[in-house]
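> structure for the following, please:
(one chain, ligands or ions: 2)
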Amino acid sequence: MSKPLRVMTVFGTRPEAIKMAPLILKMRENKNFEPVTVVTAQHREMLDQVLKIFNITPDYDLNVMKPNQKLDALTARVLTGLTTIISQVNPDIVLVHGDTTTTFTAALACFYNQVPIGHVEAGLRTWDKYSPFPEEMNRQMTDVLADLYFAPTELSKRNLLKENHEADSIFVTGNTAIDALKETVRPDYQHNVLTQITPGNRVILLTMHRRENLGQPMDNVFQAVKEVVEQHKNVEVIYPVHLSPNVQKVAQRVLGQVNRVHLVAPLDVLDFHNLASKSDFIMTDSGGVQEEAPSLNKPVLVLRDETERPEGVAAGTLKLVGTDKNRVKKAMLELLTDSDLYTKMAEAKNPYGDGHAAQYILSDLRLYFSEIEKHSGNAERKN
Ligand code: UD1
Ligand code: UDP
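Ligands and ions are numbered 1, 2, ... in the order given. You can find the predicted model right below:
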């Protein structure tokens with residue numbers, strides 16, 4: 001191909017940034033690509049933490065975040081802002097990631113402007129409209145609009161085939177989350193919170209933020225954590241609390257005064273990966289953390305009733321425990337006391353690729369566009 005491919009990446013939240021960063025960094029060092037980085041800043045502080053770590057300065061920043069934002073208004077701000085940028089940039093393709101409001105709305109803006117869309121982390125499904133909410137429909141609707149699909153696993157490819165997407169538009173690449181992990185985990189890592197842990201104590205890393213878990217389900221889980229820590233003096237919990245006001249409130253109320261529960265601000269990704277690798281096990285409703293844990297050899301109690309990451313359950317790392325207080329307590333105690341169970345979960349094999357997903361995505365993109373060029377007689381971009 002004669003001209004570099006102008007690839008516009010659009011993302012807005014912490015997990016999208018972590019998983020798009022490896023792609024942006026790879027494009028920067030490859031003359032076949034002209035990367036244009038657009039952030040919606042659906043998250044402000046938590047996005048900026050990631051941009052800083054990976055040394056990425058966006059070309060465009062919509063700065064849309066509002067405190068306690070609602071989905072309709074957020075969607076409208078992103079849609080309007082992106083429409084202007086797309087017409088200024090005139091990209092060959094726009095890459096979106098995952099299942100956030102930014103993801104779906106960016107895909108919709110591209111569709112309205114008739115710009116090709118590549119969906120990174122395509123094909124994840126629970127097939128349950130409201131779980132997770134609104135992510136399941138965000139990813140399904142994004143896949144309806146997309147032209148190219150970068151599926152992390154064979155299973156996600158099969159999901160896309162079931163929906164009649166063309167086989168030659170789907171590429172199985174692994175998950176770029178694993179690419180990011182290669183750069184962050186260091187054996188000699190130290191962090192202030194680790195100095196507060198009594199040597200020899202068991203350490204649980206906790207995160208929780210899903211919209212469908214706000215309110216009672218979150219309260220139930222935190223009560224379970226509180227009771228286990230109060231009843232077991234050798235257990236400590238590190239919990240980097242998401243900045244959503246609805247999460248902050250419950251976390252502070254239930255866990256704020258509990259000895260050996262360390263509530264800390266959201267960690268930058270370097271800190272988070274390293275603390276995860278130093279913990280005994282993880283409790284989370286996060287999507288990204290479910291993908292990272294098998295590579296870190298850490299068992300995960302998934303604080304949800306279903307998951308779009310069944311590969312991690314099949315591998316043995318993830319156990320779905322939901323949000324019922326007694327069930328969560330029981331699962332925690334099992335992992336704390338049953339060393340055979342612990343070892344089995346910790347030794348599972350990572351099903352999310354070899355850590356070169358970004359490279360595969362770029363090769364697949366080049367291949368796809370050179371095929372198009374061949375068939376369209378070298379049509380060139382206008383500017
Ligand atoms: C969003 C995504 C979710 C993803 C999660 C990752 C949607 C609808 N949800 O959920 O899929 O799993 O991000 O964390 O796309 N806030 C800050 N500073 C920040 C980030 C958030 O103050 O840096 C607060 C704001 O008050 C904001 C609120 O958190 O309004 C909620 O943020 P939002 O992006 O709407 O939802 P999340 O629950 O973070
Ligand atoms: N993460 C982080 N700091 C934290 C908690 C999580 O950097 O304090 C990282 C984590 O390693 C993973 C990603 O953020 O890569 C997951 O983001 P989140 O749980 O917010 O969203 P989800 O994956 O559920 O969409």
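> C-alpha only now, for contacts and for neighbours.
Fine.
> and the residue of the stretch 201-350 of the chain closest to ligand 1?
residue 244 (3.2 Å; CA to the nearest ligand atom).
> just to check, that residue is in contact with residue 68?
Yes: counting by CA atoms under 8 Å, residue 68 is a contact partner of residue 244 at 6.8 Å.
> residue 37 should be in a strand, yeah?
Yes: the assignment for residue 37 (DSSP: H, G, I helix; E, B strand; the rest coil) places it in a strand.
> wait, it touches residue 58, no?
Yes: counting by CA under 8 Å, residue 37 does reach residue 58; the two are 4.9 Å apart.
> looking at the two, which is more packed in?
residue 37 (21 against 14; other CA atoms under 10 Å).
> for the stretch 51-200 of the chain, what spans make up the helices?
Along the stretch 51-200 of the chain, counting by DSSP state H, counting those that start in this stretch, helices occupy 71-89, 101-112, 135-145, 154-162, 176-184, 192-195.
> so what touches the shortest one?
With CA atoms under 8 Å, 6 or more residues apart in numbering as the test, helix 192-195 has contacts from 238, 262.
> I'd like the next helix or strand past that helix.
strand 202-207 (DSSP states H and E).
> near ligand 1 at all, that next one?
No: using CA under 6 Å from any ligand atom, strand 202-207 stays clear of ligand 1, coming no nearer than 9.9 Å.
> wait, what's in contact with the nearest residue to residue 23 once chain neighbours are set aside?
Spatially, and ignoring its direct neighbours in sequence, residue 23 is nearest to residue 358 (4.9 Å; CA to CA, 6 or more residues apart in numbering). Contact partners of residue 358, counting by CA under 8 Å, 6+ apart, are 22-23, 26, 173, 176, 179.
> ramachandran angles for residue 358?
With angles defined as degrees, to the nearest 10, residue 358 sits at phi -60, psi -40.
> quick one, strands of this structure?
Counting by DSSP state E, one finds strands in the chain at the ranges 5-11, 33-39, 60-61, 93-97, 117-120, 148-151, 170-172, 202-207, 235-240, 261-264, 281-284, 300-302, 318-320.
> run through who's touching the third one.
For strand 60-61, contacts defined as CA under 8 Å, 6+ apart pick out 37-41, 85.
> one more: the first one?
Among residues not part of strand 5-11, those counted as contacts by CA under 8 Å, 6+ apart are 17, 20, 24, 32-41, 91-97, 102-103, 106, 366.
> what about 6 Å?
Around strand 5-11, the neighbours that count as contacts under CA atoms under 6 Å, 6 or more residues apart in numbering are 33-39, 91-96.
> and the helices in the stretch 201-350 of the chain?
Secondary structure of the stretch 201-350 of the chain, counting by DSSP H, counting those that start in this stretch: helices at 216-231, 245-255, 269-278, 287-296, 310-315, 325-337, 339-346.
> same for the first one, what does it pack against?
Meaning helix 216-231. helix 325-337 (3 or more CA pairs under 6 Å, 6 or more residues apart in numbering; DSSP states H and E).
> how about a cut-off of 7 Å?
Judged by 3 or more CA pairs under 7 Å, 6 or more residues apart in numbering; DSSP states H and E, helix 216-231 is in contact with helix 245-255, helix 325-337.
> possible to save these as TSV with distance to residue 275 and mean neighbour count?
What follows is the helices and strands packed on helix 216-231, written out as TSV (distance: least, CA to CA, whole Å; neighbours: other CA atoms under 10 Å):
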stretch	distance to residue 275	mean neighbour count
helix 245-255	20	16
helix 325-337	18	16
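> and those helices as TSV, adding mean pLDDT?
Formatted as TSV, those follow (pLDDT from 0 to 100):
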stretch	mean pLDDT
helix 245-255	98
helix 325-337	98
